[in-house]
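Colleague: based on what follows, work out the 3D shape:
(2 chains)
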Amino acid sequence: MTASGVDWFSVRADWDAEGRALTEDDLARLRSSRSRFVKLSSGWVRRERAAEQDAAAEILADIGVELNAGEQRLSAWQLARARPESLAALASLDTDSDAVRQIRELRERVASFAGLPPVPVPDTFRGELRPYQQEGLDFLEWVTGLGLGAILADDMGLGKTIQALAWIEHARQADPAGGAVLVVCPASVVHNWIRECERFLPHLRVLALTSGHERHALRQEISSFDLVVTNYALLRRDLADWRSIALRAVILDEAQNIKNPDAAVSRAVQQLQCRRRLALTGTPLENRALDLWSIMQFLNPGYLGSRKAFVARYDARDTALPAPAPGVAAAPRAPATAQGTSGPRAARPDRGTARL
Amino acid sequence: MRIHARSLETLAEAWERRPGNVTYIGNGRMRELLVGGPVHPAFA
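Modeller: Numbering: from 1, shown residues only, chains lettered A, B, ... in the order given. Model (predicted):
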């Protein structure tokens, strides 16, 4: 396992015994054998190897690694939510010590959570955040700092854009060379984003990529901008180019646009290369529970489980939604454990404000 | 020595009954086979 330096780890797991790979057939032979030693095509092996490997397989399954499946990518939060004993066992294996250190630090941050640390509003931000907006900024910074994607689900008119802008500026000041932030929104609100930027962050270098061939040339100059705004339809059309651009963050405004996981636009946003992901929407769950799954799949792939399992549990037709399950809905506070890290959280339901 | 299931069993039993000062038997491959040791998924 090696740390990517971003928010995911590259993992590869293959069985071997005495330096030789064991196939599934080999393992089956070992398990069924009554002799202490078993002769495989590759040589003699102790029967206990099968039991030892089964135990290791348990650990790997807990952290979501598939055996003999080549190189796999695991997000930091996926590893951080594994059982402590699995992580300890992982550390004892042939694992990059830096990767284990990073995971431990993440776990400790989550375990020591005692409330959202207040984030100072950047001095370059020309505006004042209302208390719940300040809390929104704190929330966004905390969650994204853990390597998670976040949904800001305040009701329309409560100022999701201003909170996102404050978060963008905070991130930009922390890492000025971190690349551009891409905002994807409906075509009708592209210029609203530009106006809000001019108002609150007039020093930002902002680019609106709207229809017209000139956008292809402009896209080549993205590295000289802090914020780029485009719309969902154009993103889908220009995806081949976007795929190769490393972004600081992607923000989906009116994120219900990707509520259908089968839609081309939903698949397109998954392919963007970015370190941070935000979704802004007043209706994260517009028609059915699967809407939320689709958005979360962009933010934190795999966090809500497989689509099939999620639908079976929460989205069965003609069935009312069950009570919130642990770690999935209405966690009482922000993450106190790794398992609760990004469970949907109704921060101020009475005010139409939710952060997930 | 020719290795087969029975001779390996004999060797394993001899290893288990070894005097306290015996710390070595056979080559590295044989030790690994008799003593076991961690078999682990190889992470890259």
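Colleague: count the residues that sit near A:Lys259.
Modeller: With neighbours defined by other C-beta atoms under 10 Å in any protein chain shown, the count for A:Lys259 comes to 21. C-beta coordinates here come from the backbone N, C-alpha and C atoms, glycine included.
Colleague: ah, wrong one, I meant A:Asp175
Modeller: Neighbour count of A:Asp175, defined by other C-beta under 10 Å: 10.
Colleague: so what's A:Ser211 up against?
Modeller: Taking C-beta atoms under 8 Å, 6 or more residues apart in numbering or on different chains, we find A:Ser211 in contact with A:Leu234.
Colleague: which SS state does it fall under?
Modeller: coil (DSSP: H, G, I helix; E, B strand; the rest coil).
Colleague: now do the helix or strand hosting A:Tyr132: distance to the chain's middle.
Modeller: Secondary structure assignment for A:Tyr132, by DSSP states H and E: helix A:131-145. The chain centroid and the centroid of helix A:131-145 are separated by 16 Å, computed with C-alpha atoms, centre = their mean, to the nearest Å.
Colleague: which secondary structure state does the closest residue to A:Thr144 other than its chain neighbours sit in?
Modeller: Take A:Thr144 and drop its neighbours on the chain: the residue closest to it by C-beta to C-beta, 6 or more residues apart in numbering or on different chains is A:Arg276, 4.8 Å away. Recorded secondary structure, A:Arg276: strand (three-state DSSP).
Colleague: neighbours of A:Arg276, how many?
Modeller: Using other C-beta under 10 Å: A:Arg276 sits among 25 other residues.
Colleague: run through the bridge partners of it.
Modeller: On DSSP bridges, the residues paired with A:Arg276 through beta bridges are A:Ala249.
Colleague: report the central residue of chain B.
Modeller: Centroid check for chain B by C-alpha atoms, centre = their mean gives B:Leu34 as the closest residue, at 1.8 Å.
Colleague: how far is the biggest helix by length in chain B from where the chain is centred?
Modeller: With secondary structure taken from DSSP state H, chain B has its longest helix at helix B:5-16. How far helix B:5-16 lies from its chain's middle: 8 Å, per C-alpha atoms, centre = their mean.
Colleague: and the helix or strand that it is followed by with helix B:5-16, angle?
Modeller: Downstream of helix B:5-16, the first helix or strand assigned by DSSP H and E is helix B:28-35. Computed by axes from the mean of the first three to the mean of the last three C-alpha atoms, to 10 degrees, the angle separating helix B:28-35 from helix B:5-16 equals 80 degrees.
Colleague: quick one: least confident helix or strand in chain B?
Modeller: When the helices and strands of chain B are scored by mean pLDDT, DSSP states H and E, strand B:42-43 comes last with a mean of 38.
Colleague: got any ranges where chain A has weak pLDDT?
Modeller: In the predicted model of chain A, residues A:1-9, A:14-21, A:66-70, A:73, A:76-77, A:90-96, A:317-356 satisfy pLDDT under 70.
Colleague: switch to 50 and redo it
Modeller: Applying pLDDT under 50 to chain A flags residues A:5-6, A:318, A:326-350.
Colleague: excluding chain neighbours, what is closest to the residue positioned nearest the centre of it?
Modeller: When C-alpha atoms, centre = their mean is applied to chain A, the residue found nearest the centroid is A:Asn300 (2.8 Å). Nearest residue to A:Asn300, sequence neighbours excluded (C-beta to C-beta, 6+ apart): A:Gly149, at 5.1 Å.
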